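In: fold the following for me, if possible:
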Amino acid sequence: MSNVLLDRVLKSPRLPSLPSIAIEVIDLVQQQDVNIKQIANTIQHDPALSTKILKTVNSSFYGQSHSISTISHALVVLGLNSVKTLALGFSLVANLKDSGGEGFDHIRFWKRCLYSAVAARSLAKQLGLVQQEEAFLGGLLQDMGMLALNQTCNVEYQQALRQAGEEHQNLIEVERQVLGIDHAQVGGALASKWNLPPLLTQPILYHHDPSQAPADVLPLVQCVSLGGYLGQMFSSDHPADRLDAYLQYAKEWFNIPPEEAESLIQSIHKNTVEMRRLFALPTGQLENPDEILARANETLTQLSLQQQRAASELVQQNRELVEQATTDSLTGAANRRRFNEFITQQFDATTNGGQPFSLLFMDVDHFKKFNDTYGHQLGDRVLAEVASVLKSSVESPAMVARYGGEEFAVILPGFDRIEAARMAETLRLAISQAPVESDEGQILHVTASIGVATYNGTFFSRVDQLIKAADQGVYAAKKAGRNSVRVFAPRIKPQTDGSGPSASNAA
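Out: Sure, this is the predicted structure:
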């Protein structure tokens, strides 16, 4: 905090002084043996203040069933706390409402403050807090630091106001950047200077950051802060963000469901209309709350739809990135990386008692010769066609992968050795019958040699042993004349060195 600037503000002769009636009330209520009759007499010495208090306590805002005709009666019915707070409120606001200096939007300021005050009291009442009147006055005075800063540092503060724009929530950070101090700190210091009780000083000081408030006043400060969000909603041209924040913090701080929190808004607006008349504050026109809520909810709905679309697009983008990272760009089959991940997952699952799975390895026969004869472009078309045949012939969760060059692999979860051999023969036949047309219109065909290996939880101790077994099957198929299928059938021999299986053959 800029102590120099704070000292300059607090000592400025341009600041409004605390009214004498307010000073007297503060002094009296802080006495331990306070005399209620003496307080009543003090307030009654100011006829204008007495009239305002009596009009207020008899208004719909307090909902008294019987008329209250004297300050003494008000003190008995409402209690010292309510009457004291009303006296302070009326006397302070009378001095503050015309201050603020040039270039200050008094109408928006007092509209926000009044809505905040009524909302804070309504929330405190809803929660059963004793400090309902402090919540009201704390909400009403929470931003008086703005008036003090604009009155005493007009040029610098106007810069901060322009930079923050109309959204009040941005103002605190901008004030700190521009001035090294913010209006909550100034308001709290001013309240302390005036010797206001802590139950009023602390909501003013902490209303933008209730988490910093002492635990014993935290619910009160949260009511004032939450009321501030509603005050901002009613005074903003863009109410959606503040409604969203109000509903969020009502749930987070007080466990008030959104529908219940929103239902309070109608009564808050009605009571604000009444209190504007009693306090005679320059708030301008108070909009219909139904229209504000409709506009805010429509914006929130649009934002929600935009967020859903953005989230959907992000999911799609992530899916595409994952697919790009795990897909062979030429054939559209899974790439080597994805093959390694998937076969490891299947191997681990089978090792841990899951179903068996089979691996088919295959080479396109004489592919180098094909490339040399017809060119690499046609060779690429052949690889893409083979991948297409494989993918169209197997169903999920089977996976087709390009292992490298002209080598392909098919992982078949749930297939035993016999089922896998049948599938391999089906694929061999489909590949041999698939036509590939050259640029000259010549119809060509290729064949493949396929090796099959199956893991049922025994014999293989590592996944690379299974891959090697399938590769041995390919070698056996090539040795048998190509365009054929060979199945690896393990023959178990006694282990001599503890290194795992030691014998296998392809049949």
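
In: so what's Asp276 closest to, chain neighbours aside?
Out: Actually, residue 276 is Arg rather than Asp. Nearest-residue entry for Arg276: Thr283, 5.3 Å, with adjacent residues in sequence omitted and distances by Cβ to Cβ, 6 or more residues apart in numbering. Where C-beta positions appear, they are placed from N, C-alpha and C, glycine not excepted.

In: who's in contact with Ala401?
Out: Asp328, Ala333, Ala334, Asn335, Arg336, Arg338, Phe339, Phe342, Phe408, Ala409, Val410, Ile411 (Cβ atoms under 8 Å, 6 or more residues apart in numbering).

In: ok but it is inside a helix, no?
Out: No. Under DSSP: H, G, I helix; E, B strand; the rest coil, Ala401 sits outside any helix and is assigned strand.

In: what about it, distance to Phe342?
Out: When distance is defined by Cβ to Cβ, to the nearest Å, Ala401 is 8 Å away from Phe342.

In: which residues do these two both contact?
Out: Contacts common to Ala401 and Phe342, judged by Cβ under 8 Å, 6+ apart, are Ala334, Ile411.

In: so what does Thr458 have for phi and psi?
Out: phi -130, psi 170 (degrees, to the nearest 10).

In: residues near it, how many?
Out: If you count neighbours by other Cβ atoms under 10 Å, Thr458 ends up with 12.

In: can you give me the domain assignment for the chain?
Out: 1-12+100-290, 17-98, 336-506 (automatic domain parsing).

In: on that earlier part again, which among the contacts of Ala401 count as buried?
Out: Among the contacts of Ala401, those buried by neighbour count (16 or more other Cβ atoms under 10 Å) are Asp328, Ala333, Ala334, Asn335, Arg338, Phe339, Phe342, Phe408, Ala409, Val410, Ile411.

In: ok, and the closest non-adjacent residue to the third one?
Out: By that I understand Ala334. Ala401 (4.0 Å).

In: how far away is the one you found from Leu200?
Out: 72 Å.

In: and what of Met144?
Out: Taken as Cβ to Cβ, the span from Met144 to Leu200 is 11 Å.

In: could you tell me which residues touch both of those two?
Out: Common contacts of Met144 and Leu200 (Cβ under 8 Å, 6+ apart): Ala191.

In: okay, those two: which has more neighbours?
Out: Leu200 (29 against 24).

In: hmm, back to that, beta partners of the residue nearest to Ala334?
Out: Beta bridges link Ala401 to Ala334, Ala409, judged by DSSP bridges.

In: quick check, pLDDT for Ser502.
Out: pLDDT recorded at Ser502 is 38.

In: same question for Trp194.
Out: You'll see Trp194 listed with a pLDDT of 84.

In: leaving aside the residues adjacent along the chain, what's closest to Tyr403?
Out: Nearest non-adjacent residue to Tyr403, counting by Cβ to Cβ, 6+ apart: Ala409, 4.8 Å away.

In: what of Ser69?
Out: Per Cβ to Cβ, 6+ apart, closest to Ser69 is Leu54, 7.2 Å.

In: and what about the one you found, helix, strand or coil?
Out: Relying on three-state DSSP, one would call Leu54 helix.

In: from Val77, how far out is it?
Out: Distance of Leu54 to Val77, computed by Cβ to Cβ: 11 Å.

In: cheers, nothing more for now.
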